[in-house]
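Trainee: all I have is the shape, not the residue letters:
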C-alpha cells in the first residue's frame, strides 16, 4: 500500500500545471507524493496509546507555491473516507477530479494561484498513507489487527512531521469538514503556535453517544462478515459487511428532508411493489450502489480503525470534559460553520465549540448555514461555504502581509 | 410455532383473575388463546399481493369482559417486535409481565374492570401467530421465504377475522404505537364502520425514505449472515445479523438527547480507553446487550417480513399520495399523539395525519408530548399517555352509553 515506498521526494511546490485542454475544460494535473519517516527508533511516532510506531509513509498532494515568507500555506483535512487527492486530476485521461475540486484550484474559492495548499491522507487510511493494510516491515505481511489503535491526535502528529518536512513554520489556515474538523481542533490544541487560523466545518468537539453507537453497529456489520477473518482477509475481502456499514453511515450523512426530496417513496422500475425483498424503492437502489462503489475504493480494516479513532475523539478528555479549559491555549482565529439539517454533528455541537472559544476570548466567527442536505452539506454547499472560506482566509492573509 | 395448533378455543371473556399474591404484588394471570381460520379455500385470507393464504393461526389474549351491549371492546395493536401478551403474567412464577402492563389492567389507565381488551400477535410474527417460521401444512416444513409478502393491511384483515370470531361488532376504541398506529390507520380506512374511535401514537401515514433506508440496511445485515442460508436456517440461526439489525433499529428508537443523558461518553469498566475494538463505552455494552436479548426472542425471517410490510405502508397509495382523499371515508374519532424528540416518526408526520383528518371534518384531538425519550417515549411516557388515553376512551364510552 505504500506505493512509492521508501522514496523521499523533495518538495516540488508547484504541482499543478495546465497540462491538457479537453474541450473547454482545463485539467490541472497533480502528482501524489510520499514522505516516509520513523525508520529509526528515535524518529518513530509516539502514539496516544503509548506505542512508538514507524515507519510511516504519508501520501500527500500540494497545489500552488509556498511564498517567500512561508505565509500562504493552507492545510486541508479530509473526512473519514477521503484522501489526499483534493483537487485536480492525476492524468489527462483521469475522469474524476479530487474530492473538493470545486473548492480548491486556480481561480477557485481557495485559489492555488495565491495559496499553497497541502492535503495528506490520514494515518490509518488506505489511500497511500500507512494503515492497517500496509506491510509490516518486520513480518512482511499486512499489519491487519496488529496495527495500533490510533487517535485523531495521532493523525495530526503525523501531519506535523509532514509540515516540518515541507519547511512550513506556520499554517496560514486549515480547513476540514466532519472528521477533518476534529483534526483541526487537535491541531489548535496540540500545536497552538503552528496554526494561524482554522475553519472547522460540520464537526464536533467530542463524538456523541449516538455517533459512537452508529460506529459500533457499522463495525459489527464488518466483523460479522465471515470473510473478514479477524482482519486477515486476503483475496476475498469482507465486501458485504463493509457495504452494510457504509450504507448505514450514508443515511446519517443525509437528512430526512433531503432523502424525502431526492427519493421519497419513489419505486425503482415497475412502478408497483414487487412483493419481494429486492430493490423496490429508489432509495434502496441508491444505497446499494453507494455500498458497492465504496468497497471498490475503501478497506474494511481502515474503516474499523478510523471509526474507532473518532469514537475516542474528545478534545476535552484531558480536562475532565471542560471544553473551556480544553481550548484555553488556543492562539488561532476561528471560522466555525455548521449546517441546519446536519443531525450527525448538529449545530448545537458547533455552538458548544464557539461558546467555549468566546469564553477564552478567542477571535471566532460562526455561521449556521440553512441547508436541507444534512451532514453532506459540507461537500455540497460549495458556493456558500466557498464564499465564507475565501473571505476569511483572504482577511487572515492580509493581516499577516500588513504586519 | 403454532403452539396450540388446530385448537379453536371458545371465547372466555374474563381471562384475568387475581390468582396469586406475591408480597404486595397481585399477579394477574392471563392465558394465551388461539384462533385458527382459513383451512378451506373459501375461508382463506386474500392478501394484498393477490395470493389467497391459509390456514392462519392468530395468537391473542383478552382481558376483562365484553359487556352485554358489546360496547366496551378495545383493540391494542402492537409494534414491530411486540406480541399478544400486553398485560399480566402467564403464570404465578412468571417474572416478566406483558409489554404494556403499566397501561392496561385492573384499575390501570385502560381499566380491564371496565373494558374488554384484546391484543393479538400480527400476521407474519413469531409469537404464536402464523409467520414465515410456521409449518407449511403442504410441505410440513417452515415456510421461510415461501411465506407470502404481507402488508399492514393484511395484518388488519386477519385481525378483522378475529373480531368476528370474538363476536365484536364494533370496537369502542383501538390504540397502537409505531407500527401499531399504522394498523390503526388501516383499520379506519378498510373497515370504517368497525371502529368507533382510534388512538394512533408515534406513527406515520406512510413510511419515509429514511425509514425505508434503515429497514433496508437492517435486512442486509440479516441476509449477509452466512447462517441465514436464504432463510432456511435450522439449529444455527443468523444471530449476528439479526442482532446487528436490532442494534441499528434500537438507535432510531432513542433520541440523541436520551442517549447523551443515559450514556454520554461514559466508559464501561476501566475508566480509560482500552485502545482496542471491544466494548469501551457504556453505550456499546448496552447495544450489544439489546442485540443479544433480542435474538433470544425474535425470529430473523419474521424481522424481514415485518419490516417489508412497513416499507410498503402508505395509507395514501390508492389515492396517488393524496392523504385527504385517503382518509375521506373515515368515521372514527381520533386522538393522535406524537413525541417531540421522536425522529423515526417525527411529529410533522402526525401533523400530516391530523391536517388531512381536519380537512375531512373528522373529530380529531392532537397532542405533541414534550419528551426527550425519542420514539421509545410511546412505551416510556406511560403516565402522560395513560391520562390522555383514559380520558379519551371514557368520553367515547359515555357518548355511546348516553345514545
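Mentor: Ah, there it is. Bear in mind the structure is a predicted one, so any value in this text is a computation, not a measurement.
Trainee: from now on I want contacts and neighbour counts done on CA atoms only, so please keep to that.
Mentor: Will do.
Trainee: how about the residues of chain A by chain B?
Mentor: A:49, A:148-150, A:207-210, A:212-214, A:216-217, A:220-221, A:224-226, A:240-241, A:244, A:247-248, A:251, A:256, A:259-260, A:263-265, A:273, A:275-277, A:283-284, A:287, A:308, A:312 (CA under 8 Å from any CA of the partner chain).
Trainee: I'd like to know which of these are buried.
Mentor: For these, a burial check counting by 16 or more other CA atoms under 10 Å in any protein chain shown picks out A:148-150, A:207-210, A:212-214, A:216-217, A:220-221, A:224-226, A:240-241, A:244, A:247-248, A:251, A:256, A:259, A:263-265, A:275, A:283-284, A:287, A:308, A:312.
Trainee: need the strands for the stretch 301-403 of chain A, in chain order.
Mentor: With DSSP state E, counting those that start in this stretch, the ranges of strands along the stretch 301-403 of chain A come out as A:333-339, A:364-369.
Trainee: listing partners with orientation, what would you give for the longest one?
Mentor: Each strand paired with strand A:333-339, and its direction, by DSSP bridges: strand A:197-201 (parallel), strand A:364-369 (parallel).
Trainee: next, the buried residues of the helix ranked longest in chain A.
Mentor: In chain A, taking DSSP state H as the definition, the longest helix is helix A:382-402. Using 16+ other CA under 10 Å as the test for burial, helix A:382-402 gives A:382, A:385, A:386, A:388, A:389, A:392, A:393, A:394, A:396, A:397.
Trainee: can you list contacts of it?
Mentor: The contact list for helix A:382-402 (CA atoms under 8 Å, 6 or more residues apart in numbering or on different chains) reads A:71-72, A:102-103, A:109-110, A:172-173, A:197, A:199, A:335, A:369, A:378.
Trainee: pull the most distant pair out of these.
Mentor: Farthest pair in those (CA to CA) is A:71 and A:369. Separation: 29.3 Å.
Trainee: which strand or helix spans residue A:188?
Mentor: helix A:179-190 (DSSP states H and E).
Trainee: so what does that helix touch, helix or strand wise?
Mentor: strand A:73-77, helix A:152-165, strand A:173-177, strand A:197-201 (3 or more CA pairs under 8 Å, 6 or more residues apart in numbering or on different chains; DSSP states H and E).
Trainee: for chain B, what's its nearest residue on the stretch 1-150 of chain A.
Mentor: Residue nearest to chain B within the stretch 1-150 of chain A: residue A:149 (5.4 Å; CA to the nearest CA).
Trainee: test my guess that that residue contacts residue A:305.
Mentor: Yes - using CA atoms under 8 Å as the test, residue A:149 is close enough to residue A:305 to be in contact (6.5 Å).
Trainee: start to end distance for stretch A:335-352?
Mentor: Chord length of stretch A:335-352, first to last residue, is 14 Å (CA to CA, to the nearest Å).
Trainee: okay, buried residues for that stretch please.
Mentor: Result for stretch A:335-352 [16+ other CA under 10 Å]: buried residues A:335-347, A:349-351.
Trainee: just stretch A:297-310 next, same as before
Mentor: A:298-310.
Trainee: and those, which of them are in helices?
Mentor: A:300, A:301, A:302, A:303, A:304, A:305, A:306, A:307, A:308, A:309, A:310.
Trainee: now pLDDT too, for the residues you listed, in TSV please.
Mentor: Formatted as TSV, these follow (pLDDT from 0 to 100):
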residue	pLDDT
A:300	98
A:301	98
A:302	98
A:303	98
A:304	98
A:305	98
A:306	98
A:307	98
A:308	98
A:309	98
A:310	98
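Trainee: redo the buried residues of helix A:382-402 as TSV? Include pLDDT and distance to residue B:402.
Mentor: Listed next are the buried residues of helix A:382-402 as TSV, based on pLDDT from 0 to 100; distance: CA to CA, whole Å:
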residue	pLDDT	distance to residue B:402
A:382	97	65
A:385	98	65
A:386	98	68
A:388	98	68
A:389	98	70
A:392	98	72
A:393	98	75
A:394	98	77
A:396	98	78
A:397	98	81
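Trainee: which of the residues you listed sits closest to chain B?
Mentor: Nearest to chain B, judged by CA to the nearest CA, of the buried residues of helix A:382-402 is residue A:382 at 24.4 Å.
Trainee: what segments of the stretch 201-350 of chain A are helices?
Mentor: Here the stretch 201-350 of chain A has its helices, by DSSP state H, counting those that start in this stretch, at A:209-224, A:239-253, A:256-262, A:282-297, A:300-311, A:323-326, A:347-359.
Trainee: can you list the neighbours in contact with the second one?
Mentor: Identification of contacts with helix A:239-253 by CA under 8 Å, 6+ apart yields A:214, A:217-219, A:221-225, A:287-288, A:290-292, A:294-295, A:300, A:342-344, A:374-376, B:210, B:213-214, B:217, B:220-221, B:224.
Trainee: got it, and the fifth one?
Mentor: The contact list for helix A:300-311, computed with CA under 8 Å, 6+ apart, reads A:80, A:124-126, A:131-133, A:144-145, A:149-152, A:179, A:207, A:211-212, A:215, A:219, A:222, A:231, A:237-239, A:242, B:277.
Trainee: okay, the contacts of helix A:382-402 in CSV with pLDDT next?
Mentor: Conversion of the contacts of helix A:382-402 to CSV gives the following (pLDDT from 0 to 100):
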residue, pLDDT
A:71, 97
A:72, 98
A:102, 96
A:103, 98
A:109, 98
A:110, 98
A:172, 98
A:173, 98
A:197, 98
A:199, 98
A:335, 98
A:369, 98
A:378, 96
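Trainee: buried ones among these?
Mentor: A:71-72, A:102-103, A:109-110, A:172-173, A:197, A:199, A:335, A:369, A:378.
Trainee: please list all residues in contact with the nearest residue to residue A:362 once chain neighbours are set aside.
Mentor: Nearest non-adjacent residue to residue A:362, counting by CA to CA, 6 or more residues apart in numbering or on different chains: residue A:333, 6.5 Å away. For residue A:333, the contact set (CA under 8 Å, 6+ apart) comprises A:196, A:197, A:198, A:362, A:363, A:364.
Trainee: again, but for residue A:110
Mentor: Applying CA under 8 Å, 6+ apart, the residues near residue A:110 are A:103, A:104, A:386, A:389, A:390.
Trainee: next one: it from residue A:172, what distance?
Mentor: Where residue A:172 is concerned, residue A:110 sits at a distance of 12 Å (CA to CA).
Trainee: one more: residue A:105?
Mentor: Residue A:105 sits 17 Å away from residue A:172, going by CA to CA.
Trainee: cool, and residue A:256?
Mentor: Counting by CA to CA, the gap from residue A:256 to residue A:172 is 37 Å.
Trainee: kindly report the same for residue A:120.
Mentor: Counting by CA to CA - residue A:120 and residue A:172 are separated by 17 Å.
Trainee: now residue A:286
Mentor: Residue A:286 is 40 Å from residue A:172, by CA to CA.
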